[in-house]
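In: my questions are about this predicted structure, shown below with the sequence.
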Amino acid sequence: MKTMKYLSMLLMMVALSVCMVSCGDDDDPVEQIEEETGIIGTWIHTDNGGSMTYRFNKNGTGSRTLVLVENGNSMTKTENFKYTQSENDGAGTIRANIDSAIFTWTYTLTGDVLMLRDDLGTGYWVLSRQ
């Protein structure tokens, strides 16, 4: 009887130790993807003269990449900036500091289309979410 009790306790200890070992933390880390809502994300405008890509990040930073094509030659320029934004029902204002110059754009956001108008009201760009 003592032998049976001893064997069942030994078997229980082995089973518990196997269970404890198998419960280790071996899960893969969850990749955090920045949610792209509002103007947050990458936007592009393309025409015959090149392209313009804006990237707006959640932390108030962004970048603008201009690709100009002329006579078969292309020139690329990327500028990083900080921005602030005010929004009301899919429309708003963006103020960006690019190379110590302040740019103000008004915008309208409809689905995956962002329309930017410069602060002088002389130019506007229709950009698509990428």
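Out: Cool, the structure landed. Numbering: from 1, shown residues only.
In: can you tell me what sits against the lengthiest strand in the chain?
Out: Criterion DSSP state E: the longest strand present in the chain is strand 73-88. Strand 73-88 has contacts (C-beta atoms under 8 Å, 6 or more residues apart in numbering) with 38-39, 50, 56, 60-68, 92-99. Every C-beta, even on glycine, is put in place using the N, C-alpha and C of the backbone.
In: same check, this time on stretch 46-59
Out: With C-beta under 8 Å, 6+ apart as the criterion, stretch 46-59 contacts 34, 39-45, 62-70, 74, 83, 85, 94, 116, 125, 127, 130.
In: now with 7 Å?
Out: The contact list for stretch 46-59 (C-beta atoms under 7 Å, 6 or more residues apart in numbering) reads 34, 39-45, 62-69, 74, 83, 125, 127.
In: in strands only, show me those residues.
Out: Using DSSP E, the contacts of stretch 46-59 in strands are 41-45, 62-69, 74, 83, 125, 127.
In: filter these down to the buried ones.
Out: Buried members of those, scored by 16 or more other C-beta atoms under 10 Å, are Gly41, Thr42, Trp43, Ile44, His45, Gly62, Arg64, Val67, Tyr83, Trp125, Leu127.
In: would you turn those into a markdown table with distance to Asp112 and pLDDT?
Out: Shown next, in a markdown table, are those (distance: C-beta to C-beta, whole Å; pLDDT from 0 to 100):
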| residue | distance to Asp112 | pLDDT |
| --- | --- | --- |
| Gly41 | 9 | 97 |
| Thr42 | 11 | 98 |
| Trp43 | 9 | 98 |
| Ile44 | 11 | 98 |
| His45 | 13 | 96 |
| Gly62 | 18 | 98 |
| Arg64 | 19 | 95 |
| Val67 | 21 | 96 |
| Tyr83 | 20 | 97 |
| Trp125 | 15 | 92 |
| Leu127 | 9 | 97 |
